[in-house]
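>>> whatever this is, show me its structure:
(one chain, ligands or ions: 1)
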Amino acid sequence: MRHTDLLVVGGGPAGLATALHAARAGLDTVVAEPRPAPVDKACGEGLMPGAVRALTALGLHAPGHPLTGIRYVQGPCRVEAPFRRGEGLGVRRTALHTVLHRAVLDAGVPVLPLRVDAVRQDADGVTVPGAELRARWLVAADGLHSPVRRSLGLDRPTRTAPRYGLRRHYAVPPWTSHVEVHWGPDAEAYVTPLGPRLVGVALLTSRREPYDTQLAGFPELAARLPPHTAV
Ligand SMILES: Cc1cc2nc3c(=O)[nH]c(=O)nc-3n(C[C@H](O)[C@H](O)[C@H](O)COP(=O)(O)OP(=O)(O)OC[C@H]3O[C@@H](n4cnc5c(N)ncnc54)[C@H](O)[C@@H]3O)c2cc1C
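A predicted model of the protein is given here:
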């Protein structure tokens, strides 16, 4: 049986940042993440200024495109505001994951290729059945649908309809340093500059339809993103 101070279930941004802080605070820490690095995910890929400060506080820097503010667009209407304090950063999930994952390994934290669907809890800690792993503390950083949260009976019923995330990148120069959020009847499109010739578009939608069908609901945006530039 392996004994550790802290088990972090989930090696996404939250889990890796938690593991790094814990290791630097002197806790013997283990991360369980079944997916190989770098882990990708449908995401708008915009770090707000607070997240950039949090990354800097960890001594880390991820490559990306500076973000100066946020703009909301609905048909002919738009409203925008600059960030009040500091810049944000448009950064590929894979680039962010690589930086955090490297730092965690450098801090001596093992990232085990392990899926944890349930834990047994007692007065002194938690045990992962079948994994010969025991920890004094557990952080469930296993994402929105957290199996660990469910297994511990901490799930709460959701009252809203499910939404789906879709994402595509385009090799076009960004037309703005703002994150743009385009509002449609059933979906939002998050547009983020990621590099000198790279723009990411993430759709958050309540309709289960292909990406191209959903993008057609945002004609102004679709006109800026010729299909042949999709990467
Ligand atoms: C369309 C869309 C756009 C978004 N845009 C933005 C944005 O622009 N900026 C922003 O900051 N946020 C954005 N978000 C939200 C952002 O993606 C999440 O807040 C962020 O990924 C949460 O990080 P996390 O580490 O908590 O979880 P995740 O990134 O979901 O990571 C969870 C990890 O846990 C692992 N895992 C799952 N189950 C288990 C298990 N049983 N055992 C072990 N490991 C497990 C998974 O493999 C995964 O690596 C967006 C989300 C969507 C859907």
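
>>> what about stretch 123-140, near the ligand?
No - judged by C-beta under 6 Å from any ligand atom, stretch 123-140 and the ligand are separated, with a smallest distance of 8.8 Å. Every C-beta, even on glycine, is put in place using the N, C-alpha and C of the backbone.

>>> what residues of that stretch count as buried?
For stretch 123-140, a neighbour-count test (16 or more other C-beta atoms under 10 Å) marks Gly125, Val126, Thr127, Val128, Ala131, Leu133, Arg134, Ala135, Leu138, Val139, Ala140 as buried.

>>> what residues does that stretch touch?
If you take C-beta atoms under 8 Å, 6 or more residues apart in numbering as the criterion, stretch 123-140 is touched by 1-10, 15, 18, 27, 30, 32, 112, 114, 116, 118-121, 146, 148-149, 152.

>>> using CSV, list the CA coordinates for stretch 195-209.
Extracted in CSV, the C-alpha atoms of stretch 195-209 (Å, rounded to 0.1, in the frame of the first residue of the first chain):
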residue,chain,number,x,y,z
GLY,A,195,-1.2,33.4,-31.7
PRO,A,196,-0.1,35.7,-34.6
ARG,A,197,-2.0,33.4,-37.0
LEU,A,198,-4.3,31.4,-34.7
VAL,A,199,-7.8,32.0,-33.4
GLY,A,200,-9.8,29.5,-31.4
VAL,A,201,-13.6,29.3,-31.4
ALA,A,202,-15.5,27.3,-28.7
LEU,A,203,-19.2,26.8,-28.9
LEU,A,204,-21.3,26.2,-25.9
THR,A,205,-24.7,25.0,-27.0
SER,A,206,-27.9,23.3,-25.9
ARG,A,207,-28.4,21.9,-29.5
ARG,A,208,-26.8,18.6,-30.4
GLU,A,209,-25.7,19.4,-33.9
